[in-house]
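A.B. asks: Give me a model of this one.
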Amino acid sequence: MEFSGQYLTYEQYKALGGTLDRMPFELLEYETRKRIDERTQNRLKNIEDIPQEVKMCMFKLMGVMSSYDEGLDTVSRNIASENTDGYSVSYVTGSQIQEVLKTKNKELDDIIMTYLNGVIVNNEHILFLGVN
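C.D. replies: This next block holds a predicted model:
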């Protein structure tokens, strides 16, 4: 499968210290790009020269999303903790999973605001929502 229109290439990702192999990177880059496209109302699509702030935002988002994905894999097994002394297991509740997802989304939105606030492409702020 070929991925096009990337905001951060695999080579740039590796140069920044990224550790993912190519295919996990490609999938995560796509997911991250879609999150930024949603937040910027697609203002970066078809832009030839992606601003440095966007690339740094992508790198940061990918790291956070990757760590949350690993955490959610653990949580999805439904085991919150185990004790081997008297052997007991406690399970994760749906509200705990929802809280993790809520925290993840807030952290990702904060990163986007931090890195992309004030970035201008084609004479328009990329985070502008049409309200002054």
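A.B. asks: now the helices for this protein?
C.D. replies: Here the chain has its helices, by DSSP state H, at 10-15, 22-40, 52-76, 94-116.
A.B. asks: Go through those and name the closest to Ile126.
C.D. replies: Closest to Ile126 of those, according to CB to CB: helix 22-40, at 4.5 Å. Where C-beta positions appear, they are placed from N, C-alpha and C, glycine not excepted.
A.B. asks: Need the contact partners of that closest one.
C.D. replies: 1, 3, 5-8, 10, 13, 18, 20, 44-45, 54, 57-58, 61-62, 65-66, 108-109, 112, 116, 126-127 (CB atoms under 8 Å, 6 or more residues apart in numbering).
A.B. asks: hmm, back to that, columns mean pLDDT, distance to Asn122 and mean neighbour count on top of the helices of the chain, output as CSV?
C.D. replies: Output for those, formatted as CSV (pLDDT from 0 to 100; distance: least, CB to CB, whole Å; neighbours: other CB atoms under 10 Å):
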stretch, mean pLDDT, distance to Asn122, mean neighbour count
helix 10-15, 96, 22, 14
helix 22-40, 95, 12, 17
helix 52-76, 83, 13, 16
helix 94-116, 88, 15, 14
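A.B. asks: Nothing else from me, thank you.
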